[in-house]
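Engineer: How does the following fold in three dimensions:
(one chain, ligands or ions: 1)
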Amino acid sequence: MSSEEQWWRQAVVYQIYPRSFADANGDGVGDLRGIIGHLDYLEALGVDVVWLSPIYRSPMDDNGYDIADYDDVDPLFGTLADLDELIAGLHARGMKLIMDLVVNHTSDEHPWFVEARQLGSAKRDWYVWRPAREGAIAGQPGAEPTNWGSFFGGPAWSYDEASGEYYLHLFSRKQPDLNWENPQVREAVYAMMRRWVERGVDGFRMDVINLISKQYPLSDGPTGPGEQLSWSQTLWADGPRVQEWLTEMNQAVGLSAEQLFTVGETPGVTIANAREYTRPDAQRLNMVFQFEHMAFDQDGPDKFHLKPVPWPALKQNLAQWDAGLAGQGWNSLYWCNHDQPRVVSRFGDDSPEHRVASAKTLATVLHLHRGTPFIYQGEELGMPNATFIDVSDFRDLESINYFHTRVAAGDDPAQILVGLRGKSRDNARTPMPWSDAPMAGFTTGTPWLPVIGEFKTINAAAQEGDPESVLAHYRRLIELRHREEIVREGDLELLLPDDERLWVFTRTLGAQQWLVLANMTSHAVGVPLSALPSLEDAELVLGSHPGPPTDVQTLRPWESRVYRLAHRA
Ligand code: TEU
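Structural biologist: Predicted coordinates for the structure are as follows:
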């Protein structure tokens with residue numbers, strides 16, 4: 001395929017969580033007109049694509065990832081006319097828009113499910129229904145058809161009194177799974193996608209798309225009743241027909257034919273499966289989101305049990321993904337999204353002394369990898385996690401359910417809150433801080449989730465015009481990717497793989513070679529230059545700290561440097 005056909009290999013994507021980006025009508029919730037009011041900001045950042053988290057009609061049980069009408073904008077966010085204006089505004093500035101495609105499940109308030117609840121209805125088989133487990137009493141605990149647990153706590157099955165059967169929901173009970181085995185479901189999804197493409201949308205981020213194919217017959221998993229299956233054992237990810245259906249979707253919607261942007265969110269995906277999803281000749285997806293690098297700071301199977309991130313394991317994982325997809329597929333690159341805590345708090349050091357440097361260095365090591373980088377709103381400002389005191393401070397159903405489930409299991413509430421403060425998805429959902437005005441310039445009303453306490457100093461206006469800001473650094477990284485083919489396509493080699501403080505790698509393209517040096521700690525670290533390619537006559541292309549290095553052999557806390565080498569190793 002030509003480079004024009006694979007334009008997404010040169011792109012940088014910016015994710016907008018509309019509820020928290022900018023509020024134009026003062027109701028405390030972000031909206032489409034708020035985004036339209038900030039198009040110049042996005043253009044100045046230099047991003048090529050905007051990924052818009054769901055704006056469809058929804059009961060908002062999961063903040064829009066529970067869709068009740070795929071073809072309309074929820075009034076909370078505005079109107080279809082607003083969306084048309086946003087699409088036109090992005091296109092006029094040379095940017096593209098991809099929508100969030102959430103089709104593993106719908107809302108239980110979607111007309112399809114309302115109809116499907118009727119036994120014998122034409123849409124009954126659009127969802128996954130099963131009778132109570134053999135020998136059990138329907139509606140009683142333990143009568144669920146399989147022992148699967150929901151991501152949001154409790155069983156993955158809910159009993160529907162009216163029809164006397166259970167329906168499957170891998171997420172909340174208000175998010176019933178669609179039955180993709182039914183060709184009518186697939187055709188309805190593809191037709192809906194076509195309508196968005198004809199409206200000017202340039203592609204899709206596909207929510208948990210590797211969950212649409214389950215292993216049939218549905219059976220108990222290897223863990224106890226109600227427990228969350230680990231991905232490696234799951235019976236509902238990367239199932240037998242997922243590749244077939246993605247090929248069918250691509251052809252039916254014209255995804256490759258029209259060079260649309262597609263990224264699959266594929267929890268638990270392996271490198272081997274990612275190759276199947278993204279190899280160009282397969283014409284399925286351009287890339288996927290992998291999750292392995294998001295689990296190294298997890299202490300055991302519970303995502304809210306934390307431990308310090310082991311840099312050797314994490315940097316080796318990114319190098320393995322690069323090698324595993326090189327020449328066979330393509331990767332996304334991300335630290336942050338609306339489900340993950342803020343990377344500067346999670347993997348960096350968000351203290352006043354080190355926040356800026358660690359945010360810039362985390363960005364540098366990620367953006368100097370091969371793949372399509374995704375920037376989540378606020379990440380480019382070095383936004384830290386929020387401050388949550390009590391469970392009442394949270395809004396995310398996953399966090400709230402987790403707290404009450406663990407308290408009921410006898411855990412110490414104070415300890416549960418420690419994990420939630422570190423990993424709750426609400427950390428990513430605090431409003432964008434635009435200025436030091438009241439409510440950070442996000443709204444003239446009361447924000448649905450409080451703005452971060454540091455907004456007076458951490459906000460976009462404060463960083464505009466500051467060449468040493470995190471914002472300026474992200475702009476330089478994006479510009480570097482656009483300008484330098486070695487950043488986009490160069491081969492990667494990880495050096496000092498077992499070093500627990502330094503992240504060092506080269507990028508090589510023909511006779512060119514770049515060296516990335518990064519200190520991933522809050523202390524100065526010596527660099528074993530003798531073990532690295534020569535820096536003689538090397539050019540410092542990008543540094544995290546002002547001015548030339550004071551001591552080439554030492555990296556200051558959270559200091560990173562990108563060199564263009566004069567002599568290839
Ligand atoms: O997330 C699916 C997923 O990967 C889950 O593991 C998710 O990370 C969640 O936090 C459980 O820990 C997608 C969306 O990104 C998420 O916002 C939705 O809640 C979910 O699917 C259901 O649509």
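Engineer: CA only for contacts and neighbour counts going forward, please
Structural biologist: OK.
Engineer: Settle this for me: Gly329 is touching Ala272, isn't it.
Structural biologist: No: applying C-alpha atoms under 8 Å as the test, Gly329 and Ala272 come out as separate, 10.1 Å apart.
Engineer: Ramachandran coordinates for Gln512?
Structural biologist: Backbone torsions of Gln512, given as degrees, to the nearest 10, read phi -90, psi 150.
Engineer: ok, and for the host helix or strand of Ala462, which residues are buried?
Structural biologist: If you go by DSSP states H and E, Ala462 is part of helix 460-463. Under the neighbour-count criterion of 16 or more other C-alpha atoms under 10 Å, helix 460-463 has Ala460, Ala462, Gln463 buried.
Engineer: tell me the contacts of the first one?
Structural biologist: Think Ala460. Counting by C-alpha atoms under 8 Å, 6 or more residues apart in numbering, Ala460 makes contact with Leu381, Pro433, Trp434, Ser435, Leu471.
Engineer: Which pair of the residues you listed spans the longest distance?
Structural biologist: Ser435 and Leu471 (13.6 Å; C-alpha to C-alpha).
Engineer: And these two? Which one has more around it.
Structural biologist: Legend: neighbour count by other C-alpha atoms under 10 Å for Ser435 and Leu471, higher for Leu471 (26 against 19).
Engineer: per-residue pLDDT, that one?
Structural biologist: Looking at Leu471, its pLDDT reads 98.
Engineer: for Pro413, same thing?
Structural biologist: As predicted, Pro413 sits at a pLDDT of 98.
Engineer: wait, it sits on Thr405?
Structural biologist: No: Pro413 is not in contact with Thr405 according to C-alpha under 8 Å; the separation is 10.7 Å.
Engineer: End to end on stretch 484-493, go ahead and measure it.
Structural biologist: From the first residue to the last, stretch 484-493 extends over 18 Å; the measure is C-alpha to C-alpha, to the nearest Å.
Engineer: residues of it that come out buried?
Structural biologist: For stretch 484-493, burial by neighbour count (16+ other C-alpha under 10 Å) applies to Ile486, Val487, Arg488, Glu489, Gly490, Asp491, Leu492, Glu493.
Engineer: which among the residues you listed are in contact with the ligand?
Structural biologist: Applying C-alpha under 6 Å from any ligand atom, the subset of those adjacent to the ligand is empty.
Engineer: Between those residues, which sits nearest Ile87?
Structural biologist: Compare each of the buried residues of stretch 484-493 with Ile87 using C-alpha to C-alpha and the shortest gap goes to Arg488, at 26.7 Å.
Engineer: show me the contacts for that closest one.
Structural biologist: Arg9, Gln10, His369, Arg370, Gly371, Arg481.
Engineer: helix or strand for it, which one?
Structural biologist: Arg488 belongs to helix 485-489 when assigned by DSSP H and E.
Engineer: so how far is that helix off the chain centroid?
Structural biologist: Here helix 485-489 is found 23 Å from its chain centre; the criterion is C-alpha atoms, centre = their mean, to the nearest Å.
Engineer: Kindly export that helix (C-alpha atoms) in CSV.
Structural biologist: Presented in CSV, the C-alpha positions along helix 485-489 are these (Å, rounded to 0.1, in the frame of the first residue of the first chain):
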residue,chain,number,x,y,z
GLU,A,485,10.6,9.5,8.6
ILE,A,486,13.0,7.8,11.1
VAL,A,487,10.5,8.7,13.9
ARG,A,488,7.6,7.1,12.0
GLU,A,489,9.3,4.1,10.4
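Engineer: quick one: contacts of the helix or strand that it is followed by?
Structural biologist: Sequence order places strand 491-495 as the next helix or strand after helix 485-489, per DSSP H and E. Residues outside strand 491-495 that contact it (C-alpha under 8 Å, 6+ apart): 315-316, 319, 322-323, 369-370, 503-509, 532.
Engineer: which of those residues are buried?
Structural biologist: 315-316, 319, 322-323, 369-370, 503-509, 532.
Engineer: how about TSV for the buried residues of helix 460-463, with pLDDT and distance to Trp157 added?
Structural biologist: Listed next are the buried residues of helix 460-463 as TSV, based on pLDDT from 0 to 100; distance: C-alpha to C-alpha, whole Å:
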residue	pLDDT	distance to Trp157
Ala460	98	44
Ala462	98	49
Gln463	98	48
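Engineer: which of those residues lies closest to Pro59?
Structural biologist: Closest to Pro59 out of the buried residues of helix 460-463 is Ala460 (31.5 Å), distances taken as C-alpha to C-alpha.
Engineer: who touches the residue nearest to Ala136 when sequence neighbours are not counted in this structure?
Structural biologist: By the measure of C-alpha to C-alpha, 6 or more residues apart in numbering, the closest residue to Ala136 outside its immediate chain neighbours is Ala143, 5.1 Å from it. Ala143 makes contact with Ala132, Arg133, Glu134, Ala136, Ile137, according to C-alpha under 8 Å, 6+ apart.
Engineer: Among the residues you listed, which one has the most neighbours?
Structural biologist: Ala132 (21 neighbours).
Engineer: now that we're looking at it, which residues does it contact?
Structural biologist: Here Ala132 is in contact with Ala138, Gly139, Ala143, Glu144, Pro145, Glu165, Tyr166 (criterion: C-alpha under 8 Å, 6+ apart).
Engineer: can we see that at 7 Å?
Structural biologist: Ala138, Ala143, Glu144, Pro145, Glu165, Tyr166 (C-alpha atoms under 7 Å, 6 or more residues apart in numbering).
Engineer: what's the neighbour count on the fifth one?
Structural biologist: Glu165 has 21 neighbouring residues, counting by other C-alpha under 10 Å.
Engineer: I'd like the distance between the nearest residue to Thr270 once chain neighbours are set aside and Tyr277.
Structural biologist: Closest residue in space to Thr270, ignoring its immediate chain neighbours: Gln290 at 7.6 Å, by C-alpha to C-alpha, 6+ apart. Separation of Gln290 from Tyr277 (C-alpha to C-alpha): 11 Å.
Engineer: what about these two, which has more around it?
Structural biologist: A direct count of neighbours by other C-alpha under 10 Å for Gln290 and Tyr277 places Tyr277 higher, at 28 against 21.
Engineer: Just the ones of the contacts of strand 491-495 in strands?
Structural biologist: Trp503, Val504, Phe505, Thr506, Arg507, Thr508, Leu509 (DSSP state E).
Engineer: per-residue confidence for the third one?
Structural biologist: Going back to what we said before, that points to Phe505. 98.
Engineer: That one touches Val516, doesn't it?
Structural biologist: Yes: using C-alpha atoms under 7 Å, Phe505 is in contact with Val516, at 5.4 Å.
Engineer: Any regions of the chain where pLDDT drops low?
Structural biologist: Applying pLDDT under 70 to the chain flags residues 1-5, 224-233.
Engineer: how about the residues of it that lie near the ligand?
Structural biologist: Within the chain, the residues that sit near the ligand (C-alpha under 6 Å from any ligand atom) are Asp62, Tyr65, Phe151, Phe171, Asp207, Val208, Pro267, Asp339.
Engineer: 8 Å - rerun?
Structural biologist: Within the chain, the residues that sit near the ligand (C-alpha under 8 Å from any ligand atom) are 62-63, 65-66, 102, 104-105, 151-152, 171, 175, 207-208, 265-267, 291, 303, 337-340, 398, 425.
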